[in-house]
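Chemist: give the three-dimensional model of this entry:
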Amino acid sequence: MAGRVIAKLKRLVKALLGLSSRQVAGLAVMAAVGVGVAVAAAAGRAALATGLLALLVVAMTAGVVHLSRRIGGVNRATQDAVRDLRVVVEQLQRRVIASVEKERLAAGDRHQELTEALARNERLTGRGAELLLREQNQEIEALFQLFQQVKPRAPMPAGGGLNPTDLLGLLTIAAGRQPGLTVVLGGGPATVWLGYGLEATGGRLVAVDHDKKRADDTRLMLREHGLDRVEVRHAASTELTVEGRAVDWYDVDALAGLADIDLLVVDGTAAPGAEAVAPALHVLGRRLADGGAVVVDEVPGRIAPRQGVFGLTEQRRFAGRWTTLAQPSTPATVAK
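Modeler: Sure, this is the predicted structure:
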């Protein structure tokens, strides 16, 4: 029994400690009025007791009204919060639905594009296979023609980025022009093939390479094939100013002594920088012999401004990637 009383007292104390200062003050006033009523009644002062009792009733009624207003305010705030939450949820639902619809439409478009691409590939597969087979046949035919022109004394190297068609076109140009001095910028293993092509005419070949290891390897291959008239020069990559622009190109000091060039071959794929033809014409264009020619692997339209400076005109494209730019032949050149 005592334990229950103690537990109730503890709950009462905890409840009192949780009250605010206003609530404590209100309870204190009501307790004081209650004590006043009891004292007045005990003293036989009924009027005072009745007045205090009426005051107590009024205070309790005011407290109930105030409490109901507080509860109503809390309910209204709760309703407002629920209404705001409902609005946010509805907006989120609309956004999710819009996103899902957008992704569905995008997926439909991608599916349509993929279907069209597959249909297009199915139509082109046969044509692509035919073109690939034709290119392979051309390369095989070019390889047979190469070995009809060249009788190697040692195993031939790969083209170093040049297909058999490219090599055949280069040898065809050299055989047709029979140059006295040929300079190849970035020849690599193709220098061996061109060396054989010029061996019959007794022409001199100078290959320039910015890669020292590749230059050493080319010299070794030339010795294995007995091509003693071919010279390989290592010209380190350096900065060169061409028409007010700085470009990476060969060290011009390594090109000393090269004059009266009959055939200049510019292999853009082996150049030290992004540009190959413009700096080549800038440095070696004025060293061309009368009737000399420049063989390039670029689209002629890109180099038209520079080729006009030296009177070079496009002759024709040969097998492979090559285009020949040549000077008009003089009477002396024709007689030669």
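Chemist: going forward, measure contacts and count neighbours with C-alpha atoms only.
Modeler: Fine.
Chemist: ranges for the strands of the stretch 151-300 of the chain?
Modeler: 181-185, 204-209, 230-234, 237-242, 245-250, 261-266, 288-296 (DSSP state E, counting those that start in this stretch).
Chemist: what's near enough to touch the residue nearest to residue 288 when sequence neighbours are not counted?
Modeler: Nearest residue to residue 288, sequence neighbours excluded (Cα to Cα, 6 or more residues apart in numbering): residue 261, at 4.5 Å. Taking Cα atoms under 8 Å, 6 or more residues apart in numbering, we find residue 261 in contact with 180, 181, 182, 183, 287, 288, 289, 292.
Chemist: from residue 261, how far out is the third one?
Modeler: Here residue 182 is placed at a distance of 6 Å from residue 261 (Cα to Cα, to the nearest Å).
Chemist: and for the second one?
Modeler: To residue 261, residue 181 is 5 Å away according to Cα to Cα.
Chemist: count of residues packed around residue 163?
Modeler: 17 (other Cα atoms under 10 Å).
Chemist: rewinding a little: by neighbour count, which of the contacts of residue 261 wins?
Modeler: residue 182 (27 neighbours).
Chemist: pLDDT at that residue, what is it?
Modeler: With respect to pLDDT, residue 182 has a value of 94.
Chemist: and it, bridged to which residues?
Modeler: residue 205, residue 263 (DSSP bridges).
Chemist: quick check, it in contact with residue 203.
Modeler: Yes: shown here, residue 182 and residue 203 form a contact pair, counting by Cα atoms under 8 Å, at 7.4 Å.
Chemist: distance of the residue lying closest to residue 237 once chain neighbours are set aside from residue 183?
Modeler: Leaving aside its chain neighbours, residue 237 sits nearest to residue 250 (4.8 Å; criterion: Cα to Cα, 6+ apart). Counting by Cα to Cα, the separation of residue 250 from residue 183 is 13 Å.
Chemist: follow-up on the earlier one: for the residue nearest to residue 237, give me its contacts.
Modeler: By Cα under 8 Å, 6+ apart, the contact list for residue 250 reads 209, 210, 235, 236, 237, 238, 272.
Chemist: now these in JSON lines, with distance to residue 136 and pLDDT?
Modeler: JSON lines is the format used below for the contacts of residue 250 (distance: Cα to Cα, whole Å; pLDDT from 0 to 100):
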{"residue": "209", "distance to residue 136": "30", "pLDDT": "91"}
{"residue": "210", "distance to residue 136": "32", "pLDDT": "90"}
{"residue": "235", "distance to residue 136": "36", "pLDDT": "91"}
{"residue": "236", "distance to residue 136": "37", "pLDDT": "90"}
{"residue": "237", "distance to residue 136": "36", "pLDDT": "89"}
{"residue": "238", "distance to residue 136": "39", "pLDDT": "89"}
{"residue": "272", "distance to residue 136": "30", "pLDDT": "67"}
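Chemist: quick check, pLDDT for the closest residue to residue 228 other than its chain neighbours.
Modeler: Leaving aside its sequence neighbours, residue 228 sits nearest to residue 222 (Cα to Cα, 6+ apart; 7.2 Å). Looking at residue 222, its pLDDT stands at 93.
Chemist: can you give me the neighbour number for residue 222?
Modeler: 23.
Chemist: cool, and residue 185?
Modeler: 26.
Chemist: wait, isn't it in contact with residue 277?
Modeler: No: using Cα under 8 Å, residue 185 makes no contact with residue 277, being 9.9 Å away.
Chemist: hey, where'd the helices end up in this structure?
Modeler: Ranges of helices in the chain, per DSSP state H, are 2-17, 21-42, 46-149, 164-177, 190-199, 212-225, 277-284, 304-307, 331-335.
Chemist: tell me which of the ones you listed sits most buried.
Modeler: helix 190-199 (a mean of 23; mean count of other Cα atoms under 10 Å).
Chemist: which other helices and strands does that helix contact?
Modeler: helix 164-177, strand 204-209, helix 212-225 (3 or more Cα pairs under 8 Å, 6 or more residues apart in numbering; DSSP states H and E).
Chemist: distance check, residue 84 against residue 157.
Modeler: The value you get for residue 84 to residue 157, if Cα to Cα is used, is 80 Å.
Chemist: just send the helices and strands packed on helix 190-199 back as CSV, with distance to residue 115 too.
Modeler: Shown next, in CSV, are these (distance: least, Cα to Cα, whole Å):
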stretch, distance to residue 115
helix 164-177, 38
strand 204-209, 50
helix 212-225, 48
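Chemist: what's near enough to touch the residue of the chain positioned farthest from its centre?
Modeler: If you look at how far each residue of the chain sits from its centre, by Cα atoms, centre = their mean, the farthest one is residue 44, at 102.5 Å. Residues near residue 44 by Cα under 8 Å, 6+ apart: none.
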